[in-house]
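Student: Following is a predicted model, sequence given first.
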Amino acid sequence: MFVTVRYGADCQVIVNMHCRVLSLTAHLKKKCQCRPEDCIDLLDESGTLINLSEVESPASELASKYLQERQRYTLIRVIRGEGSESTYYESLLENLGKHHPELAERLQKLSAHPQLKDNSRKNSMQRKFHPLKEPLLGSPAKFRSTQQSKKGSALPSRPT
C-alpha cells in the first residue's frame, strides 16, 4: 500500500501509507527539507484537501484512513493566521500552475475561502502561524535533480 507525493522541482517520493499520520508527515517534512514547525498537508489530484494537519490523534491514527492506495498527492504548506484570520495554502511543488493549473486554481480558492475545506475534524494540538509579511521567493527546500527523482524512484542510488 503506497502513494506518490509530488514536491519541489518536479520531485516525487513513494511512501508507505500504512503508517501513523505523524510518521508520514515527519518523513515528508524531512524529505522536502521543511522546518519541523511547518504545518504540511496533501492535495489529491482532484483538488481535495486531505486535512492531515487537522487529524486529532496523528500519533495513533493510520494515514491509510485518509489516503487512497496508489494515488498521487501534492505536498502543500498550511499557513494559519491568528484568531479569525484566513488560512493560506502554498504548494511545495514548484510551478504547480504551469503543470497542473486546475490544482493551482483550487489551492487559490481554498486559500481565499477557508470555509470550503472540510472543517469536520478539529485539531486541539493545532499550531498557529503568523501570515508571512513578505512572499516566499522560490521554494524553501533544496532539491536534488537526479535521474532517479525524475523516474519517480525514492531509493538512493548505490555505487556498483
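Tutor: Perfect, thanks for sending it.

Student: Mind pulling up the pLDDT for residue 133?
Tutor: Looking at residue 133, its pLDDT stands at 42.

Student: Equivalent analysis for residue 112, please.
Tutor: 71.

Student: Can you report how many residues neighbour it?
Tutor: Residues lying near residue 112 (other C-beta atoms under 10 Å) number 11. Just so you know, the C-beta spots here come from the backbone N, C-alpha and C atoms, and that holds for glycine as well.

Student: Return the residues in contact with it.
Tutor: By C-beta atoms under 8 Å, 6 or more residues apart in numbering, residue 112 lies in contact with residue 86.

Student: do you know how far it is from residue 86?
Tutor: Distance, residue 112 to residue 86, by C-beta to C-beta, to the nearest Å: 8 Å.

Student: likewise residue 62?
Tutor: Distance from residue 62 to residue 86, by C-beta to C-beta: 30 Å.

Student: ok, now residue 51?
Tutor: 16 Å.

Student: Comparing the two, which residue is more hemmed in?
Tutor: Taking neighbours as other C-beta under 10 Å, residue 51 and residue 86 compare with residue 51 leading, 17 against 14.

Student: From residue 98, how far out is that one?
Tutor: According to C-beta to C-beta, residue 51 and residue 98 sit 26 Å apart.

Student: Please put the alpha-carbon coordinates of the strand ranked longest in the chain into PDB.
Tutor: Secondary structure of the chain per DSSP state E: the longest strand is strand 72-80. C-alpha atoms of strand 72-80 as PDB (Å, rounded to 0.1, in the frame of the first residue of the first chain):
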ATOM      1  CA  ARG A  72      -0.800  10.900  -6.400                       C
ATOM      2  CA  TYR A  73      -0.800  13.800  -4.000                       C
ATOM      3  CA  THR A  74       0.800  17.200  -4.000                       C
ATOM      4  CA  LEU A  75       2.600  18.400  -0.900                       C
ATOM      5  CA  ILE A  76       1.400  21.800   0.500                       C
ATOM      6  CA  ARG A  77       2.300  24.000   3.400                       C
ATOM      7  CA  VAL A  78      -0.600  25.300   5.600                       C
ATOM      8  CA  ILE A  79      -0.100  28.800   7.000                       C
ATOM      9  CA  ARG A  80      -2.700  29.600   9.600                       C
END
